[in-house]
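Peer 1: Structure for this input, please:
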Amino acid sequence: MDTIKYHKKRTNYLKAAYILFQIVPQVLEKHVKRTHNIGLQVAIESTQEDLRRILTEEEFSDLYHMNRLYNHRLYPYYHGIVQNTKLDTSIMDFLITMGIMTVGDRDEVDQCASQTRKNKLIMEKMMDQSENACELFLNAVQRYYDNFEEICVEIGPEVDMGEQIVNQEIGHIGIRITKNYDMLIREMSNTVDIIDHLISKEVLDIDDMEEIKSSAVQSEINRKLISRINIAAARGYSELLVALKADVVNSTLVDKIESTLVTEEDMECYKPTSQHQSFGTSLGLSIMISLCEAIGRAELPKVEPIKENNIIQEDLTLLKEHMNFIVEEEEICEEKYSRLAVELTDIIQRLGGEDVKRSCKKYFMKSCCVNEMNCLLDKIQKQKQLMYLRKSKH
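Peer 2: Numbering: from 1, shown residues only. Next up, the predicted model:
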């Protein structure tokens, strides 16, 4: 019974976190557009001095990095490539061979602590290259990853019926693993043997192993392991089940995964979202709240009269409070989640307008895929570090 209660509380937490960190920044972006008829880039330029005062140095740096990236040729692929690929192996070799990068660049990349940081550094270096170099880079990634369209592109190509049947089965396996994600994070053990098996089947490599094992806590090891498996899609899922079955303790987890029902509603609910994030989501919740507050102080011209200007400011304050709550907690009881859902619905509808009102219920039905979930938890961890940094300065 305690396990069921924990799972429910954790599910409530992830739903609330998804709404706050993935959806609300998009809603705030819509609010700026419909109220002032300007894009975020213009809003940033109009309020940059105010933003420089209220944002941390790291937030301000992130803001201008994303602002620069937004109009770049690589932006539609940026998040998918950073989260779902390994650029520092054969792709980096190709870039050096073509004279796009240097051996010195590789040494710099090798100093990065994690795969995500390595990928980000390579992507930042590619942003300074010519358009032709960027095309060569994208072609190289596409050749190296058979599922490039799935993991890196905003909208994948149409597939025939035969492929759809295969993809549906792949989807079922992925959904079963996602629905049991919390269980796997908490209960999966003996991961050394699992990793060895996945390396032998070329689902993972030595670098993956080192990154996964760099965590001292078993739950973090499990989280990183599932994230890397998710990149390999069907083969990764299948081989994970094989490895779990081979272990006496972990084999009970396979029984639970394989007995998990997948409904049509699940297929829609767990459908992966676009790798192409809105600019608001890329900037993040904290920066978007600060930007909206700065716009309010700058008194930029409005195209839509907003009578409840004080209410808007109150909404932004409430969003900060909810953000801090999510950063500090790891689970939410049913009563608290119900109140939070009502408050967030009201805020989203006030800020987003009529278009958002019609789709608001869908936001609370949506579930994260595995990679989204890990990305979401990374954002929360980063926000927690920023909060502690601010507190230490006061």
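
Peer 1: Next SSE downstream of the helix or strand hosting Arg53?
Peer 2: Assigned by DSSP states H and E, Arg53 falls within helix 48-54. Per DSSP H and E, the first helix or strand lying C-terminal to helix 48-54 is helix 57-70.

Peer 1: Please write out the alpha-carbon positions of the helix or strand harbouring Tyr78 in CSV.
Peer 2: Secondary structure assignment for Tyr78, by DSSP H and E: helix 75-84. Taking C-alpha atoms only, helix 75-84 is exported to CSV below (Å, rounded to 0.1, in the frame of the first residue of the first chain):
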residue,chain,number,x,y,z
TYR,A,75,18.1,25.5,-33.6
PRO,A,76,15.3,23.0,-34.7
TYR,A,77,17.7,20.2,-34.0
TYR,A,78,19.5,21.6,-31.0
HIS,A,79,17.6,20.0,-28.1
GLY,A,80,17.2,16.6,-29.7
ILE,A,81,20.9,16.4,-30.6
VAL,A,82,22.1,17.6,-27.2
GLN,A,83,19.9,15.2,-25.3
ASN,A,84,19.9,12.1,-27.5
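
Peer 1: Show me what the longest helix seen in the chain is packed against.
Peer 2: Looking across the chain with DSSP state H, the single longest helix is helix 218-245. On a contact count with 3 or more Cβ pairs under 8 Å, 6 or more residues apart in numbering; DSSP states H and E, helix 218-245 meets helix 148-152, helix 161-179, helix 181-187, helix 191-200, helix 206-213, helix 251-258, helix 370-393. C-beta coordinates here come from the backbone N, C-alpha and C atoms, glycine included.

Peer 1: So what touches the fourth one?
Peer 2: Spelled out, it's helix 191-200. Helix 191-200 is contacted from outside by 188, 204-206, 208-209, 212-213, 218, 221-222, 225, 229, 236, 239-240, 242-244, 246-247, 250, using Cβ atoms under 8 Å, 6 or more residues apart in numbering.

Peer 1: Now the buried members of the residues you listed.
Peer 2: Buried residues within the contacts of helix 191-200, defined by neighbour count using 16 or more other Cβ atoms under 10 Å: 188, 204, 208-209, 212, 221-222, 225, 229, 236, 239-240, 243-244, 247, 250.

Peer 1: In the stretch 251-394 of the chain, where is pLDDT below threshold?
Peer 2: Across the stretch 251-394 of the chain, the ranges flagged by pLDDT under 70 are 268-277, 303-309, 354-376, 389-394.

Peer 1: follow-up on the earlier one: list the buried residues of the helix holding Arg53.
Peer 2: 50-51.

Peer 1: Show me what the mean pLDDT comes to for that helix.
Peer 2: Mean per-residue pLDDT for helix 48-54: 86.

Peer 1: What ranges does the stretch 251-394 of the chain have for its strands?
Peer 2: Assigned by DSSP state E, counting those that start in this stretch, the strands in the stretch 251-394 of the chain number zero.

Peer 1: ok so, going back, what packs against the helix holding Arg53?
Peer 2: The contact analysis (3+ Cβ pairs under 8 Å, 6+ apart) places helix 48-54 against helix 57-70, helix 285-298.

Peer 1: Now stretch 240-255 - C-alpha only, CSV.
Peer 2: What follows is stretch 240-255, C-alpha atoms only, in CSV (Å, rounded to 0.1, in the frame of the first residue of the first chain):
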residue,chain,number,x,y,z
LEU,A,240,17.1,-4.1,-21.2
LEU,A,241,14.3,-6.7,-20.7
VAL,A,242,16.7,-9.5,-21.6
ALA,A,243,19.3,-8.3,-19.1
LEU,A,244,16.7,-7.9,-16.3
LYS,A,245,15.3,-11.4,-17.0
ALA,A,246,18.8,-12.9,-16.6
ASP,A,247,19.0,-11.6,-13.0
VAL,A,248,17.0,-13.4,-10.3
VAL,A,249,16.1,-10.2,-8.4
ASN,A,250,15.4,-8.0,-11.4
SER,A,251,13.4,-10.7,-13.2
THR,A,252,10.4,-9.8,-11.0
LEU,A,253,10.5,-6.3,-12.5
VAL,A,254,10.2,-7.7,-16.0
ASP,A,255,7.0,-9.5,-15.0
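
Peer 1: neighbouring contacts of it?
Peer 2: By Cβ under 8 Å, 6+ apart, the surrounding residues in contact with stretch 240-255 are 173, 177, 180, 183-184, 187-190, 193-194, 197-198, 203, 226, 229, 257-258.

Peer 1: And those, which of them are buried?
Peer 2: With neighbours counted by 16+ other Cβ under 10 Å, the contacts of stretch 240-255 contain buried members at 173, 177, 180, 183-184, 187-188, 194, 197-198, 203, 226, 229, 257.

Peer 1: would TSV of the residues you listed with distance to Ala133 be doable?
Peer 2: Formatted as TSV, the buried ones among the contacts of stretch 240-255 follow (distance: Cβ to Cβ, whole Å):
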residue	distance to Ala133
Ile173	38
Ile177	37
Asn180	43
Met183	45
Leu184	40
Glu187	46
Met188	41
Ile194	39
His197	38
Leu198	33
Val203	31
Ile226	34
Ile229	32
Ile257	43
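
Peer 1: so which of those residues comes closest to Lys9?
Peer 2: Taking Cβ to Cβ as the measure, Met183 is the one of those closest to Lys9, at 14.0 Å.

Peer 1: Surely that closest one and Lys256 touch.
Peer 2: Yes: judged on Cβ atoms under 8 Å, Met183 makes contact with Lys256 at a distance of 6.6 Å.

Peer 1: contacts for stretch 58-77?
Peer 2: Residues outside stretch 58-77 that contact it (Cβ under 8 Å, 6+ apart) are 40-41, 44, 51-52, 55, 78, 81, 123-124, 126-127, 131, 134, 137-138, 141, 152-154, 275-276, 279, 282-284, 286-287, 290, 386, 389.

Peer 1: What residues sit buried inside that stretch?
Peer 2: For stretch 58-77, burial by neighbour count (16+ other Cβ under 10 Å) applies to 59-60, 62-63, 66-67, 69-70, 73-77.

Peer 1: Spell out which residues make up each domain of the protein.
Peer 2: For the chain, automatic domain parsing gives the domain ranges 2-64+274-393, 65-152, 161-269.
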